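Undergrad: predicted structure and sequence below. I'll ask about it afterward.
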Amino acid sequence: MFEPPYTRTRAANERLRAHECDACGWVSFPEQPQFCKRCGVDASWSETRLHPRGTVRSYVVQQRLPEEFETPLPLAVMDMPQEESGEPARVYGLFTETDPADIEIGMEAEGVFRRVFDVAGLPIHSFKFTRPRGDRL
Amino acid sequence: MSSETDVAVVGAGMIDFGELFEQSIDDMLAAAFRDCLDDVDKGMSPADVDAAWFGTIDIADNASSGLGLSHPTGLFEMPVTRVENACATGSSAFRSAVESVRAGNTDVALVAGAEKMRDSAAGLIEGAALDQVWRGRGVTMPAFFGLRATRHMEEYGTTREQIAKISVKNHENGAKYPHAHYRFTCDVDDVVDSPQVTYPLNLYDCCPVTDGAAATLVVSEDVVDEFTDDPIWVAGSGLSVDSFERGNDESLVGFPATEQAAGQAYEQAGITADDIDVAEVHDCFTITELVTYEDLGFCEKGDGGAFIDSGEPLLDGETPVNPSGGLLAKGHPIGATGVAQVNEIYEQLRGEAGAVQADNDPEYGLQHNIGIGRNATGSVSCVNILSRQR
């Protein structure tokens, strides 16, 4: 693995920076947007920011993974709303510090800032998800 | 369409799928090619082949180009193209050959697919995208498909038992299919009680890791009489890609790429889903086949559970699905998978499918693959339709 890709996506990974398509409102995250994935337009984009609390649209609990992952590992498809208004972004979210039995479709999950992995000694930080405090079962 | 050349399948060959540690990819390809030539009613020699398409994702790093097919088969001095399109690799190779023949550029085309899965593959944990942060990190194959299962159960009330019935059906068929990797039967309790791989999917919801090769010969209407009096025609083909990131909620409970590819294929064939009599579909996991019933239009969205309950996709049902045992029993050597599915439809339409022959005298048969793209962010589907009538 090499470092440059993580330099390009650092604002997305660490600050949830995203981009909204000026033509159709679709939100691109985490990559730098080019042609819009939804409307196909070579669009202009407005910078936006995602709120670190999203909604679980579906999930699984993985029991078999490469060694560097803790198992069981809950994984969700999340809709992450924008800080202001507009459509959410649809992303994968890895859970942490959460009992798999506490996850359900439709629940809110809170993004928590974590060291995700290292690349040649460089720590990569981003968000994992948990059931929000005060909302624990 | 009248200016286009009609395309016929005249031969199908494959090796017994399994853990084939004693065979190289060359051994497997040569055997499948030989079996395919032998299958042609009036005979065919390698010198009759004008061009070839080779499907492999080259998981064991031994066949990076068309030469990977030329070396074991002796097919040189002609166009040989390697095709890779995720799990739709074999069907995409078939489609590419068909398009060349349809366009009038090739009279006799070989399609061959092969994969050495057991030489190197890490199986189910392959594709966990370790170098990604958001785009598919830690998303294995069972996770990508299992996400549809959790959502389908929530949204449509599909039950764990309905999903398990797909595995029971396909193992029942596979036990009768001579080329299948797994030839055992199981019941719903066996599936539900098997070890959890990725909730909600268990071991018996997952296809095995399998080596294999298959080959098909397609020819133009101009030369078909030289090879057989009983050809099977290619009625339609479709291919499409889509991504769950585009925000379509149907991508949480199925695969819009399948709907799009099937739509293209039905339109080209001038038929609808109701006309399909037998199908070989992509059951890498049980849930994949269940949502594919819906995506192909065999039933309404959300009714996949009721469709398996009705018995319609069983071998003696109205529309048998995966008479060969599917990927769950036959195995999933990625480059060979789609080619072997086409072969099974060819055998079914010729009435030569032996112990797994559909007894509904099939006129139209459909073959389907769904593959997932890099970092589990999208899917690619290829659908091919064969017909007894030209």
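TA: All right, it came through fine. It should be emphasised that the depicted structure is a prediction, and the values quoted were computed from it without experimental measurement.
Undergrad: can you list the residues of the stretch 151-300 of chain B near chain A?
TA: By C-beta under 8 Å from any C-beta of the partner chain, the residues of the stretch 151-300 of chain B that approach chain A are B:151, B:154, B:195-201, B:243-247, B:252. Just so you know, the C-beta spots here come from the backbone N, C-alpha and C atoms, and that holds for glycine as well.
Undergrad: go again with 10 Å.
TA: B:151-155, B:195-203, B:206, B:242-249, B:251-253 (C-beta under 10 Å from any C-beta of the partner chain).
Undergrad: quick one, strands of chain A?
TA: A:17-21, A:27-28, A:45-49, A:53-62, A:73-80, A:89-94, A:108-119, A:122-130 (DSSP state E).
Undergrad: which one of those strands lies nearest to chain B?
TA: strand A:53-62 (3.8 Å; C-beta to the nearest C-beta).
Undergrad: pull out the buried residues from the closest one.
TA: Residues A:54-62 are the ones in strand A:53-62 that count as buried (16 or more other C-beta atoms under 10 Å in any protein chain shown).
Undergrad: how about stretch A:121-133?
TA: In stretch A:121-133, counting by 16+ other C-beta under 10 Å, buried: A:124, A:126-131.
Undergrad: which residues of the stretch 151-300 of chain B score low on pLDDT?
TA: For the stretch 151-300 of chain B, applying pLDDT under 70 flags no range at all.
Undergrad: ok but residue B:288 is inside a helix, no?
TA: Yes - Residue B:288 sits within a helix when classified using DSSP: H, G, I helix; E, B strand; the rest coil.
Undergrad: how about the secondary structure of the nearest residue to it once chain neighbours are set aside?
TA: Distances taken as C-beta to C-beta, 6 or more residues apart in numbering or on different chains place residue B:145 nearest to residue B:288, at 5.3 Å, with adjacent residues excluded. Following three-state DSSP, we place residue B:145 in the helix state.
Undergrad: now do residue B:145 against residue B:325, distance only.
TA: Counting by C-beta to C-beta, to the nearest Å, the gap from residue B:145 to residue B:325 is 18 Å.
Undergrad: of those two, which one has the most company?
TA: Legend: neighbour count by other C-beta atoms under 10 Å in any protein chain shown for residue B:145 and residue B:325, higher for residue B:325 (28 against 25).
Undergrad: which residue packs closest to that one, ignoring adjacent ones?
TA: Among residues not flanking residue B:325 along the chain, residue B:174 sits closest, at 2.5 Å (C-beta to C-beta, 6+ apart).
Undergrad: pretty sure the one you found is touching residue B:328, no?
TA: Yes - checked against C-beta atoms under 10 Å, the pair residue B:174 and residue B:328 is within contact range at 7.2 Å.
Undergrad: common neighbours of these two, please.
TA: By C-beta atoms under 10 Å, 6 or more residues apart in numbering or on different chains, residue B:174 and residue B:328 have these common neighbours: B:180-182, B:322.
Undergrad: list the contacts for residue B:134?
TA: A:9, A:12-13, A:29-31, A:80, A:89, A:91-94, A:116, A:126-127, B:375, B:377.
Undergrad: same thing but at 6 Å, please
TA: A:30, A:91 (C-beta atoms under 6 Å, 6 or more residues apart in numbering or on different chains).
Undergrad: can you check the one 4 residues further on too?
TA: Remark: with contacts taken as C-beta under 6 Å, 6+ apart, residue B:138 is in contact with A:69, A:94, B:128.
Undergrad: mind checking the SS state of the nearest residue to the first one once chain neighbours are set aside?
TA: Read it as residue A:69. Spatially, and ignoring its direct neighbours in sequence, residue A:69 is nearest to residue B:138 (5.7 Å; C-beta to C-beta, 6+ apart). Secondary structure assignment for residue B:138 (three-state DSSP): coil.
Undergrad: now do the phi/psi pair for residue B:138.
TA: Backbone geometry at residue B:138, expressed as degrees, to the nearest 10, gives phi 70, psi 10.
Undergrad: ok, now residue B:347?
TA: phi -60, psi -40.
Undergrad: picking that back up, who's in contact with the residue nearest to residue B:288?
TA: Taking C-beta under 6 Å, 6+ apart, we find residue B:145 in contact with B:285, B:287-288.
Undergrad: now swap in residue B:257 and tell me
TA: Contacts of residue B:257 were listed using C-beta under 6 Å, 6+ apart, and they are B:240-242, B:379, B:381.
Undergrad: so who does residue B:239 touch?
TA: Contacts of residue B:239 by C-beta under 6 Å, 6+ apart are B:261, B:382.
Undergrad: wait, a helix at residue B:110?
TA: No - using three-state DSSP, the assignment for residue B:110 is strand, not a helix.
Undergrad: quick revisit: residue B:174 and residue B:328: who's more crowded?
TA: residue B:328 (30 against 26).
Undergrad: now the residue positioned nearest the centre of chain B. Nearest residue, chain neighbours left out?
TA: Central residue of chain B (C-alpha atoms, centre = their mean): residue B:338, 3.2 Å from the mean position. Distance criterion C-beta to C-beta, 6+ apart; nearest residue to residue B:338, sequence neighbours excluded, is residue B:90 at 2.8 Å.
Undergrad: helix or strand for the one you found, which one?
TA: Counting by DSSP states H and E, the element that carries residue B:90 is helix B:89-102.
Undergrad: packing partners of that helix?
TA: Secondary-structure packing of helix B:89-102 (3 or more C-beta pairs under 6 Å, 6 or more residues apart in numbering or on different chains; DSSP states H and E): strand B:7-14, strand B:51-55, strand B:80-83, strand B:108-115, strand B:212-220, strand B:232-243, helix B:334-350, strand B:378-387.
Undergrad: tell me the contacts of residue B:332?
TA: By C-beta under 6 Å, 6+ apart, the contact set of residue B:332 is B:207, B:210, B:284.
Undergrad: up against chain B, what does chain A have?
TA: Residues of chain A found near chain B (C-beta under 6 Å from any C-beta of the partner chain) are A:1, A:13, A:30, A:37-38, A:57-66, A:69, A:75, A:77, A:90-92, A:94, A:105, A:116, A:126.
Undergrad: now the buried members of these.
TA: Buried among those (16+ other C-beta under 10 Å): A:13, A:30, A:37-38, A:57-65, A:69, A:75, A:77, A:90-92, A:94, A:105, A:116, A:126.
Undergrad: how much does the helix holding residue B:90 deviate in direction from strand B:212-220?
TA: 20 degrees (axes from the mean of the first three to the mean of the last three C-alpha atoms, to 10 degrees).
Undergrad: report the backbone C-alpha coordinates of helix B:89-102 in CSV.
TA: The C-alpha trace of helix B:89-102 is given here as CSV (Å, rounded to 0.1, in the frame of the first residue of the first chain):
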residue,chain,number,x,y,z
THR,B,89,-16.6,-13.0,-16.8
GLY,B,90,-17.8,-16.3,-18.4
SER,B,91,-21.1,-14.9,-19.6
SER,B,92,-19.4,-11.7,-20.9
ALA,B,93,-16.9,-13.9,-22.9
PHE,B,94,-19.9,-15.7,-24.4
ARG,B,95,-21.6,-12.5,-25.2
SER,B,96,-18.5,-11.1,-26.9
ALA,B,97,-18.2,-14.1,-29.1
VAL,B,98,-21.9,-13.9,-30.0
GLU,B,99,-21.6,-10.2,-30.9
SER,B,100,-18.7,-10.9,-33.2
VAL,B,101,-20.6,-13.7,-35.0
ARG,B,102,-23.8,-11.6,-35.1
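Undergrad: can you check what angle separates it from strand B:232-243?
TA: Angle, helix B:89-102 to strand B:232-243, by the same axes, to 10 degrees: 130 degrees.
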